[in-house]
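Enquirer: 3D, please:
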Amino acid sequence: GVPAGLAAPTRREGGGQGRRTGIRSISRLGVPLIGMSAPVEEWASKHAAVGDGIGARRIFADLAAGPSSQFSLVREAHAAGQLPVVSYKAGGRIEDVLAGRFDAAAAEAAARLASFDKHTAVTFWHEPHGNMTPEQYVAASMRLVPIFKRGGRRLKVGPLLNGWLLDRQADLFAQYAPDALLRKWDWFGLDTYEAGTMDDPGAVKPASRIPAAKAFLAQRGVDLPLGIGEYNGYSAQSITDTGNVLMDTPGVWFGCLWNTTGGKGVELSGDRLSAFQGTLQKARARRARRRGRR
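Expert: Below you'll find the model as predicted:
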C-alpha cells in the first residue's frame, strides 16, 4: 500500500479545475500542454512571473534517493491541474541500472505514481548521449520501461533524447531509439535548444527539431505523441516560433520551457518572457474555441 503522506490529493486545487492532461484528451482537442521547468527553489517565483496557463511541469527525480523521490512536486503539479513530466535518473552509474539494482525502486515508484490516478509522463535518463553508450541506454531502458509501465494506463513512459543529434547526427540519434524501444514507449520526446550563445546565436533554432522528430518517427513507420522536455531560445522570436510550432504540429502532448539560466538556458525576462506568455495565451484561446465547438 501507499503511505498516507504520499496519497493522491482528493481534489484539484487552484486553477486546475477541470483541466484534461491525458494523451487522448490532448490529441482530441489538438492543443498541447505548454509547460515549464525550473529548479525547485525557483519554481514559485518563476510561476508567478509567467502567470496563468502552465499546463505541464518538468520534475527531476532520482531512484537512488528512493521510490518517493520528488513526490511532493508531483502532488503539487496534480493539484494545480498540471501534467507532471517526471525525469528519473538512477544515481550516477548506468552499470547499477544494468545490474538490476534499481528494479525494485522503479517498481515501487510506478505503483506510487499510479496511486494518484492522474495522468503522468515518465522518462528514464533524459538526454543520455554523453552519459552512456547507445547500447547501455537501450539495455537499461529495456529493463526499466516495462517496470514503469506497470503503473497502469495513466502512467505513460517515453524518452527525452538529445535533440541536437537530429541536426547532423541522425544515425547516432537513431541508435538510442531502436524499433524494440519504439514499440514499448507510449510517447517520444527530446530536449531542444538554440545553437550558439546569447551573444552569438547559431543558425539552428529550437523549433526545427520538432518537425525533425516527426519526420524521424514517420521514417520508422511509427506514430507516437511528441513531448518536448525542455526548450529555450535566445530571442523573443525564437521562443515565439517554438511555441507556434508546438501548437501547430499535430500530435504534440506537451512542451516545457526551461526557465532558468544554466547551460544553454537563459531565464525569461522582458520580451522573451512576453513571448512565452503569448504562447500560453494562444493555447488558452485555442482550447476555449475548440471546446466551445463541441
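
Enquirer: Which positions are bridged to C256 in the beta structure?
Expert: C256 has the following beta-bridge partners by DSSP bridges: G35.

Enquirer: pLDDT value on it, please?
Expert: pLDDT recorded at C256 is 98.

Enquirer: Where does the most centrally placed residue in the chain sit: helix, strand or coil?
Expert: Against the mean C-alpha coordinate of the chain, by Cα atoms, centre = their mean, the closest residue is G229 at 3.3 Å. Counting by DSSP: H, G, I helix; E, B strand; the rest coil, the backbone at G229 sits in strand.

Enquirer: what does D241 give?
Expert: D241 is classified as helix under three-state DSSP.

Enquirer: can you check K89 too?
Expert: Assignment for K89 (three-state DSSP): strand.

Enquirer: For the closest residue to L190 other than its chain neighbours, which residues are in contact?
Expert: The spatial neighbour of L190 that comes closest, neighbours along the chain excluded (Cβ to Cβ, 6 or more residues apart in numbering), is G163 at 3.9 Å. In short, each C-beta sits where N, CA and C put it, glycine included. By Cβ atoms under 8 Å, 6 or more residues apart in numbering, G163 lies in contact with L190, D191, T192, Y193, P206, R209, A212, A213.

Enquirer: measure G163 to E42 for me?
Expert: Distance of G163 to E42, computed by Cβ to Cβ, to the nearest Å: 23 Å.

Enquirer: and what of R20?
Expert: Distance from R20 to E42, by Cβ to Cβ: 28 Å.

Enquirer: Which one of the two is surrounded by more residues?
Expert: With neighbours defined as other Cβ atoms under 10 Å, R20 and E42 compare such that R20 has more, 16 against 13.

Enquirer: The more buried one contacts S27, doesn't it?
Expert: No - counting by Cβ atoms under 8 Å, R20 stays clear of S27, with 10.7 Å between them.

Enquirer: in the sheet, who's paired with R57?
Expert: Listed by DSSP bridges, the beta-bridge partners for R57 are M36, P84.

Enquirer: Can you get me a residue count around it?
Expert: By the criterion of other Cβ under 10 Å, R57 has 25 neighbours.

Enquirer: same deal with A139?
Expert: Other residues near A139 come to 15 when the count uses other Cβ under 10 Å.

Enquirer: Skip the chain neighbours and tell me the closest residue to it.
Expert: Leaving out its chain neighbours, the residue that sits closest to A139 by Cβ to Cβ, 6+ apart is L98, at 5.8 Å.

Enquirer: residues contacting the one you found?
Expert: By Cβ under 8 Å, 6+ apart, the contact set of L98 is Q136, A139, A140, R143.

Enquirer: likewise M198?
Expert: If you count contacts by Cβ under 8 Å, 6+ apart, M198 has them with Y234, V266.

Enquirer: Now do the SS call for it.
Expert: Remark: M198 carries the secondary structure label coil [criterion: three-state DSSP].

Enquirer: Distance check, the nearest residue to I210 once chain neighbours are set aside against S208.
Expert: Distances taken as Cβ to Cβ, 6+ apart put V245 closest to I210, at 4.9 Å, once the chain neighbours are dropped. According to Cβ to Cβ, V245 and S208 sit 8 Å apart.

Enquirer: Now do the strands in the stretch 151-294 of the chain.
Expert: For the stretch 151-294 of the chain, the strands defined by DSSP state E, counting those that start in this stretch occupy 155-157, 160-162, 188-192, 226-231, 252-258.

Enquirer: mind checking which of those strands is nearest H129?
Expert: Among the strands of the stretch 151-294 of the chain, the nearest to H129 by Cβ to Cβ is strand 160-162 (4.4 Å).

Enquirer: what bridges to L160?
Expert: L160 has these beta-bridge partners by DSSP bridges: G189.

Enquirer: Read off the pLDDT value for it.
Expert: The score at L160 is 98. That number is its pLDDT.

Enquirer: Could you tell me how many residues sit around it?
Expert: Counted by other Cβ under 10 Å, the residues lying close to L160 total 25.

Enquirer: Would you mind measuring the gap between the ends of stretch 76-86?
Expert: Start and end residues of stretch 76-86 are separated by 13 Å (Cα to Cα, to the nearest Å).

Enquirer: can you offset everything so residue one is 454?
Expert: With the count now opening at 454, the last piece we talked about shows up as stretch 529-539.
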